[in-house]
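Trainee: Fold the following and give me the result.
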Amino acid sequence: MRLLALLIGLLLASPLAAAEREVMPGEGSLAAAVAGAEPGDVLKLSDGAYAGPVTVDRPLAITGPRGAVVDGQGLGSVVTISAPDVTLTGFTVTGSGRVNQELDAGVKILQGADRARIEGLLVTGNMHGIDVHGGRDAAVVANEIVGTNSPRMNERGNGIYVWNSPGTLLEGNVIRYGRDGIFSNASADSVYRGNVMRDLRFAVHFMYTRNTEVSGNVSIGNHLGFAIMFSNRAKILNNLSLGDREHGLMLNYANNADVTGNLVRGGTKKCLFIYNAHKNLIWDNRFEGCGIGIHFTAGSEKNVLTGNAFIANREQVRYVGTRNMEWSHEGRGNFWSDHPAFDLNGDGIADSFYRPNDLMDQILWSQPAASLLIGSPAVQLVRWSQRDFPATLPGGVRDSAPLMRPLTISVPPEILAHEAEAAGRWTEGNNDDTDPDDLAAH
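Mentor: Presented below is the predicted three-dimensional model:
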């Protein structure tokens with residue numbers, strides 16, 4: 001009897017099994033299905049149009065093929081998630097409102113809607129693609145997000161916007177058009193991994209973001225690749241910036257970052273721009289074919305640069321400052337393609353130090369008109385004197401242990417095809433933007 005009573009008690013305490021409910025296309029059918037569903041139910045869509053907007057206010061799974069189209073009809077956000085443990089899979093989301101200030105989005109995850117999972121959706125024709133707006137531990141995985149392409153870039157929305165949403169995972173998404181691919185603002189403790197972003201302002205844009213990993217992402221043909229701003233303890237690992245316009249990687253008021261394994265190549269004005277950024281470890285990256293390999297300014301201190309390769313940049317280093325900066329660490333420096341070095345003992349370290357800039361470089365940076373005198377005897381005399389009498393050199397960068405061979409970073413064949421498609425975009429004068437101040441606004 002005791003055993004029977006225990007079994008009856010367990011049965012009564014167990015929740016009913018989740019039901020699968022077919023939802024037919026039509027006006028209001030999805031909203032009605034959500035309102036009539038029990039927590040844990042699975043709503044299955046089929047090909048056809050589902051009019052929105054709709055709010056998911058209980059733990060549910062909604063799944064369907066790409067041909068199932070949830071259309072917000074231009075009213076606010078298309079699908080708003082306000083409950084925890086909601087999953088959206090497979091279908092198409094389109095037709096949000098166009099009010100940028102309200103963050104109208106294809107999918108919006110509100111505060112308290114924890115553990116949402118958004119997977120395999122086509123999110124197209126919306127102001128913002130997916131807005132993770134306060135929900136914790138969201139997973140946004142393998143979605144295709146196609147943003148707007150209005151003439152003014154700052155009037156477009158972001159592919160994925162993450163605000164105050166710790167624990168967010170963004171993985172394997174493909175994002176094209178819009179403003180920023182991933183904009184992370186006032187968030188922390190997240191992973192943004194393996195996303196491909198094209199034809200945007202910034203691929204990844206951090207503002208006030210902490211303890212977040214950006215790894216294995218690809219930025220192609222954007223105005224700027226990876227902008228880490230006013231942020232702390234970021235991990236920027238194994239990303240590709242290919243054919244971006246302004247900077248491949250920017251550290252602006254970014255501190256304590258680990259930057260390693262990244263490739264910046266081709267078309268970019270500056271491979272790496274460091275502005276007032278401190279205590280960053282920058283190692284084993286490859287910076288190739290840029291106007292400036294690294295631009296280092298505004299009092300940035302205590303950064304470590306080692307094992308990097310600077311290859312065929314028109315100007316390898318632009319250091320704006322007067323301090324003496326050592327860019328080797330524990331006997332290991334960086335590779336410089338313009339350093340005519342020898343290695344007589346075969347240890348892989350050049351026998352002579354590398355110094356990229358002299359007094360004339362600093363004069364040319366501050367007074368560009370002086371370039372007219374670059375071939376004059378006076379300029380050549382100054383450079384000769386600095387070479388033979390190093391005590392006359394100003395403060396600047398020195399690498400005491402340059403490497404003899406550069407590291408290589410491979411690019412997958414499908415990414416090489418996208419890189420070739422974007423090649424030459426900026427040299428042809430196509431800025432993809434009619435507003436010259438777009439990059440200054442954040």
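Trainee: where do the helices sit along the stretch 1-150 of the chain?
Mentor: 2-13, 29-36 (DSSP state H, counting those that start in this stretch).
Trainee: Could you tell me the least trusted of those helices?
Mentor: When the helices of the stretch 1-150 of the chain are compared on average pLDDT, helix 2-13 comes out lowest at a mean of 49.
Trainee: Point me to the helix or strand that includes the most centrally placed residue in the chain.
Mentor: Residue closest to the mean C-alpha point of the chain, counted by Cα atoms, centre = their mean, is residue 204 at 2.2 Å. Following DSSP states H and E, one finds residue 204 within strand 202-207.
Trainee: Partner strands of that strand, with direction?
Mentor: With DSSP bridges as the test, strand 202-207 is paired with strand 180-185 (parallel), strand 224-229 (parallel).
Trainee: So what's the residue count around the closest residue to residue 109 other than its chain neighbours?
Mentor: In space, and not counting its chain neighbours, residue 109 is closest to residue 135: 4.0 Å by Cβ to Cβ, 6 or more residues apart in numbering. Yep, even glycine has a C-beta here, placed from its N, CA and C like the rest. Neighbour count for residue 135, taken as other Cβ atoms under 10 Å: 28.
Trainee: my read: residue 135 touches residue 165, true?
Mentor: Yes. Between residue 135 and residue 165 there is a contact at 5.7 Å, judged by Cβ atoms under 8 Å.
Trainee: okay, and the common contacts of the two?
Mentor: By Cβ atoms under 8 Å, 6 or more residues apart in numbering, residue 135 and residue 165 have these common neighbours: residue 109.
Trainee: What's the local residue count around residue 167?
Mentor: Other residues lying near residue 167 total 16 when counted by other Cβ under 10 Å.
Trainee: any idea how far it is from residue 123?
Mentor: From residue 167 across to residue 123, the span is 21 Å (Cβ to Cβ, to the nearest Å).
Trainee: that older thread, so the residue nearest to the centre of the chain touches residue 219, yeah?
Mentor: Yes. Between residue 204 and residue 219 there is a contact at 7.3 Å, judged by Cβ under 8 Å.
Trainee: Mutual contacts of those two, please.
Mentor: Residues touching both residue 204 and residue 219 (Cβ under 8 Å, 6+ apart) are 181, 197, 225-226.
Trainee: re earlier: so what touches the strand holding residue 204?
Mentor: Contacts of strand 202-207 (Cβ under 8 Å, 6+ apart): 179-186, 192, 197, 212, 214, 217, 219, 222-231, 234, 241, 244, 254, 442.
Trainee: Apply 7 Å and report the result again.
Mentor: 180-185, 192, 197, 214, 217, 219, 222-231, 234, 442 (Cβ atoms under 7 Å, 6 or more residues apart in numbering).
Trainee: Can you say which of these are buried?
Mentor: Using 16 or more other Cβ atoms under 10 Å as the burial test, those include 180-185, 192, 197, 214, 217, 219, 222-231, 234 as buried.
Trainee: Send me stretch 89-102 as CSV with only the CA atoms.
Mentor: Taking only C-alpha atoms (Å, rounded to 0.1, in the frame of the first residue of the first chain), the coordinates of stretch 89-102 have been written out as CSV:
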residue,chain,number,x,y,z
THR,A,89,13.8,27.3,-34.5
GLY,A,90,13.9,27.3,-38.2
PHE,A,91,11.3,29.7,-39.6
THR,A,92,11.5,33.2,-41.1
VAL,A,93,10.9,36.5,-39.1
THR,A,94,10.3,39.7,-41.0
GLY,A,95,8.5,43.0,-41.0
SER,A,96,9.4,44.8,-37.8
GLY,A,97,8.7,48.5,-37.3
ARG,A,98,11.3,51.0,-38.4
VAL,A,99,11.7,53.0,-35.1
ASN,A,100,15.4,52.8,-34.3
GLN,A,101,15.0,54.5,-30.9
GLU,A,102,12.5,51.8,-29.8
